[in-house]
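Colleague: can't give you the sequence, but here's the structure:
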């Protein structure tokens, strides 16, 4: 099969296109002919090299994919050859206390496709039966591939973990990125008022299309001051900050007494300066969240299929131009998801 892979860690230049052996569906496995994959910031970090994780090389990047079931292993009953599916990128044991409680992302053997395992930026991939989620014919593969990681991450962070309620006010930082786009729509479905912060007017225009109530360009506005103005000096009930070091202090300041700061990442750095007085005196909750369970994917997917939310694709690249797609993601100039078209499809 054709695959994009790298044999050493580094910049986009280490990515190469070549032939690798076809995977085979063993017992409980599903072989998928991949039609589209999509990029996440995780792909950049894994390509550069993550501390403490030694990957077998060559490594295929990519956590998200959509395609057609080409073969099934013994014991598979939930999907059939010819089914259109998207890939749930989370892998867990299914047996530990956390998996049995529905918290698969807390599993001690938790993995993400494309991080600890070979990824989706290739023509064929095998996943466990429970990771193949059927989709209808009217959902294009390019859009389907843009859904899984960001929507399940955002749903778990804001709803499952963050307990977002109707009539609350939420500030979303990096609101035009993949997770941010999902967060805006989930917040609106939940009945919340949304303050969307992004770094350009073009990105904010997309946030408005998605339903954001207040638009804040943090490159030219004082973020805490604007939040105070928009909340009658109270602050927001929830602040979504996966940006990290560059915005963390402002996020604490922008959050109301007794409010929640939720985070699922640290794009600009993991070691911000923190004034603990903001946390204990104002009784803030700091809520961490990583990926999610299958339910955290199925629920927003159902809302998408019902037309209440939608995936947003910003750019589509052919498999041969995956390195250019990585460069675009690193530039942080694009709104929406970057999708890799692996093969032609209907």
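Modeller: Great, that's in hand. Since the structure is predicted, the reported quantities are computational estimates derived from the model, not experimental observations. Numbering: from 1, shown residues only.

Colleague: for residue 111, which residues make a bridge with it?
Modeller: Listed by DSSP bridges, the beta-bridge partners for residue 111 are residue 91.

Colleague: typo on my end, it should be residue 65
Modeller: Note on residue 65: beta-bridge partners by DSSP bridges are residue 37.

Colleague: Provide the count of other residues in contact range of it.
Modeller: For residue 65, the neighbour count with other Cβ atoms under 10 Å is 30. Placement of C-beta: from N, CA and C, glycine included.

Colleague: How about residue 165?
Modeller: As a measure of burial, residue 165 has 12 neighbours, counting by other Cβ under 10 Å.

Colleague: next one: residue 103
Modeller: Residue 103, neighbours per other Cβ under 10 Å, totals 20.

Colleague: Skipping adjacent residues, who's closest to it in space?
Modeller: Distances taken as Cβ to Cβ, 6 or more residues apart in numbering place residue 293 nearest to residue 103, at 6.4 Å, with adjacent residues excluded.

Colleague: Same check on residue 161?
Modeller: Closest to residue 161 by Cβ to Cβ, 6+ apart is residue 289, at 4.6 Å.

Colleague: Report pLDDT for the one you found.
Modeller: We have a pLDDT of 96 for residue 289.

Colleague: what residues are up against it?
Modeller: Neighbour list for residue 289: 105, 153, 156-157, 160-162, 262-264 [criterion: Cβ atoms under 8 Å, 6 or more residues apart in numbering].

Colleague: how much space is there between it and residue 135?
Modeller: As judged by Cβ to Cβ, to the nearest Å, residue 289 and residue 135 stand 25 Å apart.

Colleague: which of the contacts of residue 289 lies closest to residue 247?
Modeller: Proximity of those to residue 247 (Cβ to Cβ) peaks at residue 263, which lies at 10.2 Å.

Colleague: just checking, that closest one touches residue 245?
Modeller: No: using Cβ atoms under 8 Å, residue 263 makes no contact with residue 245, being 11.5 Å away.

Colleague: These two: which is more packed in?
Modeller: Neighbours were counted for residue 263 and for residue 245 using other Cβ under 10 Å; residue 263 has more, 21 against 14.

Colleague: Which helix or strand contains residue 34?
Modeller: strand 29-38 (DSSP states H and E).

Colleague: That strand packs against which elements?
Modeller: strand 64-72, strand 84-87, strand 124-128, helix 141-145, strand 337-341 (3 or more Cβ pairs under 8 Å, 6 or more residues apart in numbering; DSSP states H and E).

Colleague: just so I know, which of those lies nearest residue 181?
Modeller: Of all these, strand 337-341 sits nearest to residue 181, with 7.7 Å by Cβ to Cβ.

Colleague: Touching the helix or strand harbouring residue 206 from outside, list them.
Modeller: For residue 206, the host element (DSSP H and E) is helix 201-209. Residues outside helix 201-209 that contact it (Cβ under 8 Å, 6+ apart): 175-176, 180-181, 184, 196, 198, 212, 215-217, 312, 335-336.

Colleague: Take those residues and keep only those in strands.
Modeller: The members of those that map onto strands under DSSP state E are 196, 198, 215-217.

Colleague: follow-up on the earlier one: right, so of the helices and strands packed on strand 29-38, which gets closest to residue 283?
Modeller: In terms of Cβ to Cβ, the element of these nearest to residue 283 is strand 337-341, at 36.3 Å.

Colleague: quick revisit: which among the contacts of helix 201-209 end up buried?
Modeller: 175-176, 180-181, 184, 196, 198, 212, 215-216, 312, 335-336 (16 or more other Cβ atoms under 10 Å).

Colleague: Make a markdown table from those and add distance to residue 322 and pLDDT to it.
Modeller: Output for the buried ones among the contacts of helix 201-209, formatted as a markdown table (distance: Cβ to Cβ, whole Å; pLDDT from 0 to 100):
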| residue | distance to residue 322 | pLDDT |
| --- | --- | --- |
| 175 | 26 | 93 |
| 176 | 22 | 92 |
| 180 | 23 | 95 |
| 181 | 22 | 96 |
| 184 | 28 | 98 |
| 196 | 30 | 97 |
| 198 | 26 | 94 |
| 212 | 31 | 97 |
| 215 | 32 | 98 |
| 216 | 33 | 97 |
| 312 | 20 | 96 |
| 335 | 20 | 87 |
| 336 | 17 | 91 |
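
Colleague: As CSV, those with distance to residue 82 would be great.
Modeller: Shown next, in CSV, are those (distance: Cβ to Cβ, whole Å):
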residue, distance to residue 82
175, 38
176, 37
180, 35
181, 31
184, 35
196, 41
198, 41
212, 40
215, 44
216, 47
312, 29
335, 35
336, 30
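
Colleague: measure stretch 90-110 end to end?
Modeller: Using Cα to Cα, to the nearest Å, the end-to-end distance of stretch 90-110 comes out at 7 Å.

Colleague: again, but for stretch 156-164
Modeller: Stretch 156-164 has an end-to-end distance of 11 Å (Cα to Cα).
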